[in-house]
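In: I would like to see how this sequence folds:
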Amino acid sequence: MASEDKKKKAASGVIKAATIMVVANAASSILGYVRNILISSKFGMGIESDAYYAAFTIPDLLYSILVGGGLSSAFIPVFSAYINEKREKEGYKMASIIFNIVMVVVSFFCVIGIIFAPQILPLIVQFDKGGPEFFHLTVKLTRIMFFQCFFMCLTGICMGILQAYKDFAPPSLGAVFYNVAIIVVGLVLLQMGFGITGFSIGVVVGAIVNFAIQINPIRKKGFIYSPGIDLRHEGVRKFFRLFWPMLLGVSVSQLNLIVNRYFGSGEGESVLSSMQNAQSIMQLPINIFGWSVALSVFPTMVEHYGGGDVDSYKADISMGVRNVVFLTLPATAGIIAMRVPLIRAMYSQGEFDPEHVPMLATLLMFYSIGIVGYSVRGVLLQGFYAVQETVTPVKINIFILLLNTVLCYILVYFAGANGLGMAYSAAGFASMSLLAFFLHRKVGQIRGREILFSCFKMLIASAIMAATIMCLIPILENIFPVERKLNQLIEIMILFGAGIVSYLVMAIVLRMKELTVVLETFGRKFGRKKG
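Out: Residues are numbered from 1 along each chain as shown. Coordinates of the predicted model:
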């Protein structure tokens, strides 16, 4: 009974942590959409927006791989060991050394990046069809955004400390205010005549705000900063042994996007902006559900496997994968089914040309196919990292990067920008499949039948949900003429609501355990509050 209660308590803790991250990531991602919509409506799909998104590639990559998991994924197992062994002061010393190393190294690379931006950018963006104006503006914006990288790296370490204590609120809150700062500063400076440059300055301010939000919480945990660098420290050496392979593991999806952007920038004006808008929508379920569940279950995986409870560790993986699919599969089906009304409602205003709606909607469809693959991949990666196995993910991710590059080269020839979406999605599913295969070889059965049976039910429910949405679209567009923005928003709200209701009804009819667990958890929570 004690063991069963412990497992239930751990599962409840994971769901509570995931809920915090899902809500905060949802708010942050929605604000990210607001930012993109503002840029599209103010600057259209031309050189200025293309330059902004091209310049945002480097800070966006660092934000995703460092703040999103690279630093924290390597830091948590090492720091958690100090906590479990009641050696927190030694853990704080290790964290301080990492802080100091990161400050020195990142400062150096930021200076190099600012000086040599004209030489670095052609490696990730093709400027042949954009002309000198596109190149010079991209260089200017990139140099501004490089200042963001310093604070983002420090934020990643703070997040590792807090998540090791299973405190997910400050990191999630910081991500929200990061986007708030970009929007507010961008709009204020836009009124002052800074143009698209104002939004780049907003990125730097957002990074500073994000870091500032983490400082007081880590001090309350007892963290004491100490100067100095000791590369021989046992914890520091262990951290770097984990960090380098984890860095590639966490960053592969973002590196795949960079490959996509490189090929897309060679397809002409507005393609880069279209890709960014499509990618930002498909990344929403991955960031909100995929990485939220993966990062929230990771400390529990570490705790179970480190304590010798391998069965609970496998249960964590199964629960993480099933919950991710339960949330992202209907999101995929919904986005694909309502792609045209969604793009029209979000972007068709201001300087945005309505003729871009069908092109962007088609591109979104191909990118969205990969949502489930990249989301499940996040959980499986954490499964490897929890057992401190980093070599296998590195080999897989190198292969996936090569595969994505080859697919981009081939498919862009036959399908243009749409081929880039196909390549990205195919790489996501290939990564998920290889990680699942080799994790099974590493730790044995990870409840594959349980996962497949649940996914089959979710597939049925998602298909019915998508059919419901597609049947409603022509009916609603006869009732509400879509030329008016208000009608576009009403249509999306009705479709969104109908999709959720139909999926939940099917989840109840098919008796999905994932829904039951969530409802029971909320029931216990609200029951305690009522009592």
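In: quick one, helices of the stretch 351-500 of the chain?
Out: 356-368, 371-386, 391-415, 417-443, 448-479, 485-509 (DSSP state H, counting those that start in this stretch).
In: Pro122 is nearest to which of the ones you listed?
Out: helix 391-415 (16.7 Å; C-beta to C-beta). Where you see a C-beta, it was placed from the backbone N, CA and C, and this is true even at glycine.
In: in the closest one, what counts as buried?
Out: Neighbour-count burial for helix 391-415, counted by 16 or more other C-beta atoms under 10 Å, picks out 392-394, 396-397, 400-401, 403-405, 407-408, 411-412.
In: go on, stretch 39-49?
Out: Those would be 39-40, 42-45, 47-49, for stretch 39-49 by 16+ other C-beta under 10 Å.
In: and the end-to-end length of it?
Out: One end of stretch 39-49 to the other measures 7 Å (C-alpha to C-alpha, to the nearest Å).
In: And the contacts of it?
Out: The contact list for stretch 39-49 (C-beta atoms under 8 Å, 6 or more residues apart in numbering) reads 52, 130-131, 133-134, 137, 190, 195-196, 199, 269-270, 273-274, 277, 347, 349-353, 356.
In: swap the cut-off to 10 Å and go again
Out: Where contact means C-beta atoms under 10 Å, 6 or more residues apart in numbering, the residues beyond stretch 39-49 that reach it are 36, 50-53, 130-131, 133-135, 137-138, 141, 183, 186-187, 190, 195-197, 199, 269-274, 276-277, 346-353, 356, 359-360.
In: Point out where the stretch 251-400 of the chain drops to low pLDDT.
Out: Across the stretch 251-400 of the chain, the ranges flagged by pLDDT under 70 are 251-254, 268-269, 350-351.
In: Could I get the full set of strands for it?
Out: Assigned by DSSP state E, counting those that start in this stretch, the stretch 251-400 of the chain shows no strands.
In: Can you pull out the low-pLDDT segments for the stretch 1-150 of the chain?
Out: For the stretch 1-150 of the chain, the stretches flagged by pLDDT under 70 are 1-22, 25, 45, 60, 62-72, 128-130.
In: Now list the buried members of the contacts of stretch 39-49.
Out: Counted by 16+ other C-beta under 10 Å, the contacts of stretch 39-49 give 36, 50-53, 130, 134-135, 137-138, 141, 183, 186-187, 190, 195-197, 199, 270-274, 276-277, 346-348, 352, 356, 359-360 as buried.
In: hang on, the earlier thing: nearest to Ala331, of the helices of the stretch 351-500 of the chain?
Out: helix 371-386 (6.4 Å).
In: counting contacts, what elements does that closest one pack onto?
Out: The contact analysis (3 or more C-beta pairs under 10 Å, 6 or more residues apart in numbering; DSSP states H and E) places helix 371-386 against helix 71-84, helix 234-265, helix 271-285, helix 291-306, helix 310-337, helix 391-415, helix 417-443, helix 448-479.
In: Same list (these) but as a markdown table, adding distance to Lys166.
Out: Below are those laid out as a markdown table (distance: least, C-beta to C-beta, whole Å):
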| stretch | distance to Lys166 |
| --- | --- |
| helix 71-84 | 10 |
| helix 234-265 | 19 |
| helix 271-285 | 24 |
| helix 291-306 | 6 |
| helix 310-337 | 14 |
| helix 391-415 | 24 |
| helix 417-443 | 23 |
| helix 448-479 | 25 |
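In: Burial check on the residue nearest to Asn84 when sequence neighbours are not counted, number of neighbours?
Out: Excluding the flanking residues, the one nearest Asn84 by C-beta to C-beta, 6 or more residues apart in numbering is Gly306, at 7.3 Å. Using other C-beta atoms under 10 Å, Gly306 has 16 neighbouring residues.
In: The one 4 residues further on now?
Out: Residues within reach of Val310, counting by other C-beta under 10 Å, total 13.
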